[in-house]
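*Asks:* sequence and predicted structure are below.
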Amino acid sequence: MSGTSVDAVDAIVARFSDASPRPEILATHSEAPPQRLREELLALSGADRRLSLLEFGHLDQSVGRWFADAANTAIAGAGLTPRQIGAIGSHGQTIWHAPDDEPAFSLQIGAAPRIAAETGCAVVSDFRNADIALGGQGAPLVCAFHGALFAHPDANRVAVNIGGIANITLLPSTAHADPTTIRGFDTGPGNGLMDAWIQRSLGCNHDAEGAWAASGCVDGELLAQLLGDSYFDREPPKSTGREYFGLAWLDRRLTTLGRTLAPANVQATLCELTAITIADAVARFGPGQETLYLCGGGVHNRYLVERIAALAAPRAVETTEQLGLDPDCIEALAFAWLARQRLLDRPGNAPGVTGASGLAVLGGWHAAPTAARPT
């Protein structure tokens, strides 16, 4: 899984069993993209970006090669051979997500046949568009997995995934017995805007522990402009991406503000935006939920976690570590689970989350080329 910040692809090798809801994690690996590839992928989020078919093809193959390298390293780290892998679930790199267009679509690149050829493993990819074809948003896709893993018969829970975009999964105690009660949606920016702003301002890929945001002061006028976006008032189902919540979106509001802010104050305001929109979404749609369990890269932003905890009080805020799973593993693990669902011909979407008209088996199957299979 590589998210909207394009900072790394996370690969995980997991063993699943119907006898236990908890998968066994055999190996993990995180691999940063080549810097030029990252810059080219990040540039695609601009609405005026034009890409030739030649450039598109090269990017598609380059992402596939990057993902294959990460998968091979993870498989070797688990002490396994390709023959022992049921399938690789590859989300791909999202370059445009347009679930509200007519016709709707979501586009990920990452050359699944190349991954299959270079790993010798079957690959499942293109998870979103089967749900979209049924009228759904095609996202967030982790919610069904959150339900399978974290729903509890005696507790109301909220899983909060903070990647480039943040999303929540509302898991009432009934979700343990009835998965149709699962709800969730993208709340808006997660780390993505903060990462983009610090990259522009300081040349850093991310704000380590949120220290730069913590050094600034929230600007109330800018915050009000950001929160005034109609996306935050929309009823779910809804999903979004960097093509909407990007630097161009922020720049328009900074221009309207009509005065120059200290860059650290902008970062503090962006951090507060993420914290408020997560806490407000839980309060609005999850009354009575007891505990928020955080996962994704945002758990490493200490200041952001502190702000979420303050705004979500009296609800408790923990990480999925408290449930026995490393918060850095959850998204990659979700796509391993989705690949297994495809292998077993089981649905992988949650219609109550995406708005699809029904359940769907997600993902296209790519067998390893015969020449690539180990003897």
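*Replies:* Nice, I can see it.

*Asks:* quick one: strands adjacent to the top strand by length along the chain?
*Replies:* For the chain, the longest strand by residue count, based on DSSP state E, is strand 20-31. Using DSSP bridges, strand 20-31 pairs in its sheet with strand 9-17 (antiparallel).

*Asks:* what average pLDDT does the partner strand get?
*Replies:* Averaged across strand 9-17, pLDDT comes to 96.

*Asks:* okay, it in PDB with CA atoms only?
*Replies:* What follows is strand 9-17 as a C-alpha-only set of coordinates in PDB (Å, rounded to 0.1, in the frame of the first residue of the first chain):
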ATOM      1  CA  VAL A   9       5.200   1.600  -0.100                       C
ATOM      2  CA  ASP A  10       4.400  -0.600   2.900                       C
ATOM      3  CA  ALA A  11       4.600  -4.400   2.300                       C
ATOM      4  CA  ILE A  12       3.500  -7.000   4.700                       C
ATOM      5  CA  VAL A  13       3.400 -10.800   4.600                       C
ATOM      6  CA  ALA A  14       0.500 -12.300   6.500                       C
ATOM      7  CA  ARG A  15      -0.900 -15.700   7.200                       C
ATOM      8  CA  PHE A  16      -4.700 -15.900   7.500                       C
ATOM      9  CA  SER A  17      -6.900 -18.600   8.900                       C
END
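
*Asks:* report all helices and strands that the helix or strand bottoming out on mean pLDDT in the chain contacts.
*Replies:* Comparing helices and strands within the chain by mean pLDDT, DSSP states H and E singles out helix 35-43 as the least confident, with a mean of 91. Using 3 or more Cβ pairs under 8 Å, 6 or more residues apart in numbering; DSSP states H and E as the contact definition, the elements that helix 35-43 packs against are helix 53-77. Glycine gets a C-beta too; all of them are placed from N, C-alpha and C.

*Asks:* residue boundaries of the helices in this protein?
*Replies:* Assigned by DSSP state H, the chain shows helices spanning 35-43, 53-77, 112-119, 129-133, 142-150, 192-202, 211-215, 220-227, 247-257, 263-285, 302-312, 330-343, 351-354.

*Asks:* buried residues in the first one?
*Replies:* By neighbour count on 16 or more other Cβ atoms under 10 Å, the buried set for helix 35-43 is Leu37, Arg38, Glu40, Leu41, Leu42.

*Asks:* can you list the low-confidence ranges for the protein?
*Replies:* Within the chain, the stretches with pLDDT under 70 are 45-48, 287, 371-375.

*Asks:* outline the domain layout of it.
*Replies:* 9-138+331-372, 142-323 (automatic domain parsing).

*Asks:* between the buried residues of helix 35-43, which is nearest Arg342?
*Replies:* Within the buried residues of helix 35-43, proximity to Arg342 (Cβ to Cβ) peaks at Leu41, which comes in at 25.5 Å.

*Asks:* correct me if wrong: that closest one contacts Phe56.
*Replies:* No: using Cβ atoms under 8 Å, Leu41 and Phe56 do not qualify as a contacting pair, with a distance of 11.6 Å.

*Asks:* hang on, the earlier thing: can you redo the buried residues of helix 35-43 as CSV with distance to Leu325?
*Replies:* Written out in CSV, the entries for the buried residues of helix 35-43 read as follows (distance: Cβ to Cβ, whole Å):
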residue, distance to Leu325
Leu37, 29
Arg38, 27
Glu40, 33
Leu41, 28
Leu42, 29
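
*Asks:* for Ala130, give its distance to Asp101.
*Replies:* Counting by Cβ to Cβ, to the nearest Å, the gap between Ala130 and Asp101 amounts to 17 Å.

*Asks:* more neighbours, the two?
*Replies:* The residue with the greater number of neighbours, taking Ala130 and Asp101 and applying other Cβ atoms under 10 Å, is Ala130; the counts read 20 against 10.

*Asks:* so the more buried one touches Ser357, yeah?
*Replies:* No: counting by Cβ under 8 Å, no contact exists between Ala130 and Ser357, whose distance comes to 11.7 Å.

*Asks:* so which residues make contact with stretch 345-357?
*Replies:* Counting by Cβ atoms under 8 Å, 6 or more residues apart in numbering, stretch 345-357 makes contact with 127, 130-132, 134-141, 143-144, 147, 169, 179-185, 236-237, 239, 337-338, 341-342, 358-363, all of which sit outside it.

*Asks:* and stretch 68-84, by the same measure?
*Replies:* When contacts are taken as Cβ under 8 Å, 6+ apart, the neighbours of stretch 68-84 outside the stretch itself are 9-13, 26-31, 85, 88, 90, 114-115, 117-121, 368, 373-374.

*Asks:* how about that stretch: buried residues?
*Replies:* Taking 16+ other Cβ under 10 Å as the basis for neighbour counts, the residues of stretch 68-84 that come out buried are Ala68, Asp69, Ala70, Ala71, Asn72, Ala74, Ile75, Ala78, Pro82.

*Asks:* out of these, which one sits closest to Cys217?
*Replies:* In terms of Cβ to Cβ, no member of these lies closer to Cys217 than Ala70, at 39.4 Å.

*Asks:* ok, that closest one to Trp365 distance?
*Replies:* Distance of Ala70 to Trp365, given as Cβ to Cβ: 20 Å.

*Asks:* please, a PyMOL command that selects the buried ones among the contacts of stretch 68-84?
*Replies:* A single PyMOL command suffices to select whichever of these are buried according to 16+ other Cβ under 10 Å:
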select buried, resi 9+10+11+12+13+26+27+28+29+30+31+85+88+90+114+115+117+118+119+120+121+368
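
*Asks:* and Tyr231, what is it in contact with?
*Replies:* Taking Cβ under 8 Å, 6+ apart as the definition of contact, the neighbours of Tyr231 are Gly188, Lys238, Thr240, Tyr244, Phe245.
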